[in-house]
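Asks: Got a predicted structure plus its sequence, pasted below:
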Amino acid sequence: MSEKNRDGKRMARERLAAEREKQKAAERRRRALIVGASVVCVLGLAAVIGIVAANAGKDKKSESSGPVVAPSGAQGKDSLAIPVGKDDAKATLTIWEDFRCPACQAFETAYRPTLHELVDSGKLRIEYHLATLIDGNLGGSGSRHAANAAACAQDAGKFRDFHDVLYENQPKETDDAFSSDAKLIELAGKVDGLVTPAFEKCVNDGTHNAWVVKSNQAFQAGKFGGTPTVLLDGKNIYQDQTMTPAKLKQLVEDANKG
């Protein structure tokens, strides 16, 4: 082998090694982002009850007023789960989320392409549960208003699209922008066909507010560590520091082989 060929192969190996290290570093940064953001959504959890009590009644549309109206197609105990995907999928992912939670946004950003792929292929079913942790930690009502609007989108058969839009346009954690129904309806305009008189009325009336409160009570009763909480067939996988979209995909693929 000529010296030129040896140098060429050596340089190719070095480039390959550098690219692999770059990919590993990117994956480490992504996991660090998700784990770091999780801490933000957990801080203050012990004070949730006291802060919620302190903020009770500050919103004109009282969170506990009115009947509990579950969104169309909601399933599970007390109809608190919004399903996405086929009922006969071999694997089920249960996700507890708060639309104001930055850790939830980090999770969605990293995992969304994989989740969409698995759901669209019929291999995974997702059950979304909505919580209002940040409202409790920081005050405000954006978590609840956004959750109500998402439930209204579920009534219209467009939950997943609107769910994604909310995370793509999430304000800073300390900015209670989602407490504005007008803002939520404006964002709904990004989803084809979602903004209708029925949707606007549902959002403005807080039709599902009491349902959101009940969902958050279930979240608290579950004694979960924070949001997001992600369970694959009942097993908490988000606590696994080695979890990646690729690993989750493999777990779902394995479940579909059984």
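Replies: In hand now; what should we look at? Given the structure is predicted, the values throughout are model-derived calculations rather than measurements. Numbers count the residues shown, from 1 in each chain.

Asks: quick one: low-confidence parts of the stretch 151-258 of the chain?
Replies: Along the stretch 151-258 of the chain, segments meeting pLDDT under 70 span 258.

Asks: where do the strands sit along it?
Replies: For the stretch 151-258 of the chain, applying DSSP state E, counting those that start in this stretch gives strands covering 229-232, 235-236.

Asks: Can you identify each of the strands in the stretch 1-150 of the chain by residue range?
Replies: For the stretch 1-150 of the chain, applying DSSP E, counting those that start in this stretch gives strands covering 82-84, 91-97, 124-130.

Asks: Nearest to residue 237, out of those?
Replies: Minimum separation from residue 237 across the strands of the stretch 1-150 of the chain (CB to CB) falls at strand 91-97, 8.5 Å. C-beta here means a position set from N, CA and C on the backbone, and glycine is covered the same way.

Asks: Give me the contact list for that closest one.
Replies: Strand 91-97 has contacts (CB atoms under 8 Å, 6 or more residues apart in numbering) with 81, 104, 107-108, 115, 118, 123-131, 219, 222, 224, 227-234, 251-252, 255-256.

Asks: Tell me the buried residues within the residues you listed.
Replies: By neighbour count, with 16 or more other CB atoms under 10 Å, the contacts of strand 91-97 hold 81, 104, 107-108, 115, 118, 123-131, 219, 224, 227-232, 251-252, 255 as buried.

Asks: correct me, but residue 66 touches residue 208?
Replies: No - taking contacts as CB atoms under 8 Å, residue 66 lies outside contact range of residue 208: 9.4 Å.

Asks: OK, contacts around residue 154?
Replies: Going by CB under 8 Å, 6+ apart, residue 154 touches 71-74, 82.

Asks: So which residues of the protein form helices?
Replies: Here the chain has its helices, by DSSP state H, at 3-42, 48-55, 102-120, 133-138, 142-155, 159-168, 181-188, 197-205, 209-221, 245-257.

Asks: that older thread, ok, which of the strands of the stretch 151-258 of the chain comes nearest residue 179?
Replies: Nearest to residue 179 among those is strand 229-232 (23.6 Å), distances taken as CB to CB.

Asks: mind saving the C-alpha coords of the closest one as PDB?
Replies: The C-alpha trace of strand 229-232 is given here as PDB (Å, rounded to 0.1, in the frame of the first residue of the first chain):
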ATOM      1  CA  THR A 229     -43.600  11.700  33.600                       C
ATOM      2  CA  VAL A 230     -43.300   9.000  30.900                       C
ATOM      3  CA  LEU A 231     -44.400   5.400  31.400                       C
ATOM      4  CA  LEU A 232     -44.000   2.700  28.800                       C
END
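
Asks: name the helices or strands packed onto that strand?
Replies: strand 91-97, helix 245-257 (3 or more CB pairs under 8 Å, 6 or more residues apart in numbering; DSSP states H and E).

Asks: For residue 184, find the nearest of those.
Replies: Closest to residue 184 of the helices and strands packed on strand 229-232 is strand 91-97 (CB to CB; 15.9 Å).

Asks: what's the angle between the closest one and helix 209-221?
Replies: 100 degrees (axes from the mean of the first three to the mean of the last three CA atoms, to 10 degrees).
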